[in-house]
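Student: Give me a 3D structure for the following:
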Amino acid sequence: MVQVLKEELRQAILRAAEDEFMQHGYAAASVLHIAKKVGVSVGNLYRYYAGKEALFDSVVNPVFQELEKVISTHGSQPPSEAHIFELIVGAMTDITEKLRIPLLILIDSSKGTKHEDAVLKLHKLMADNVAHHLERYNGRQGQEAFTEQAAWPISVSFMQGYFEIIRRHPETEDCKRMVSQYVSFWYQGLQAFL
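Tutor: I've put the predicted structure just below:
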């Protein structure tokens, strides 16, 4: 029973940290405020998390790792065309549903942390993925129809659009619907490259 209570407290601290980072960003967030929201002393909070940076990492690492996995997976041995759309929509809406707040914190409130270049890293991962698809497309065409440099603006456009949906659509079902429409629009336009 004691272990359950400890895990419940750990989760309560994480939820309070999410609220604090979402409201104030990393730099202005206060461990004292987080502890007060949970009803524990700062000293007790430090028994669970070594400090503000450790709390921040615990909030944003899962969403970064999930996005990294989604982006990287679709660059190597893609599934059949019939299933790739459903896989991408499923993965991106799953992130939207389960990790929307941590994603917003990662992309908008990471200044002053080791994650402040996370968006750039995600753009790079996506650009590598897109470059792989462009290379395969060029091979099928027997000519260089698209250069590798085209991958960067394509990937930035896609990711920034996704982030904008996350920002502007706080209701889960609305956000999921918009992500599905957005990915569908891109998929139909890029289908020749998959």
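Student: Run a quick neighbour tally on residue 27.
Tutor: 12 (other CB atoms under 10 Å). Placement of C-beta: from N, CA and C, glycine included.
Student: Nearest spatial neighbour of it, chain-adjacent residues omitted?
Tutor: Excluding its sequence neighbours, the residue lying closest to residue 27 (CB to CB, 6 or more residues apart in numbering) is residue 112, at 4.5 Å.
Student: How about residue 176?
Tutor: Spatial nearest neighbour of residue 176, excluding adjacent residues (CB to CB, 6+ apart): residue 93 at 4.4 Å.
Student: number of nearby residues for that neighbour?
Tutor: Neighbours around residue 93, by other CB under 10 Å: 19.
Student: That one: what's it in contact with?
Tutor: 175, 176, 179, 180 (CB atoms under 8 Å, 6 or more residues apart in numbering).
Student: Which helix or strand contains residue 105?
Tutor: helix 81-108 (DSSP states H and E).
Student: Report the rounded mean pLDDT for that helix.
Tutor: Mean pLDDT, computed over helix 81-108, is 84.
Student: On the C-terminal side of that helix, identify the next helix or strand.
Tutor: helix 118-141.
Student: ok, residue 107 touching residue 119?
Tutor: Yes - when contacts are counted by CB atoms under 8 Å, residue 107 is listed as touching residue 119 (5.4 Å).
Student: Compare those two (neighbour count), which wins?
Tutor: In terms of neighbours (other CB under 10 Å), residue 107 is the more surrounded of residue 107 and residue 119; the figures are 22 against 17.
Student: Against residue 118, how distant is the spatially closest residue to residue 68 that is not a sequence neighbour?
Tutor: Excluding its sequence neighbours, the residue lying closest to residue 68 (CB to CB, 6+ apart) is residue 125, at 6.2 Å. According to CB to CB, to the nearest Å, residue 125 stands 10 Å off from residue 118.
Student: burial of the residue nearest to residue 68, as a residue count?
Tutor: Other residues close to residue 125 by other CB under 10 Å number 19.
Student: With the one 3 residues further on instead?
Tutor: Applying other CB under 10 Å, we find 16 residues neighbouring residue 128.
Student: surely it meets residue 152?
Tutor: No - using CB under 8 Å as the test, residue 128 is too far from residue 152 to be in contact (9.9 Å).
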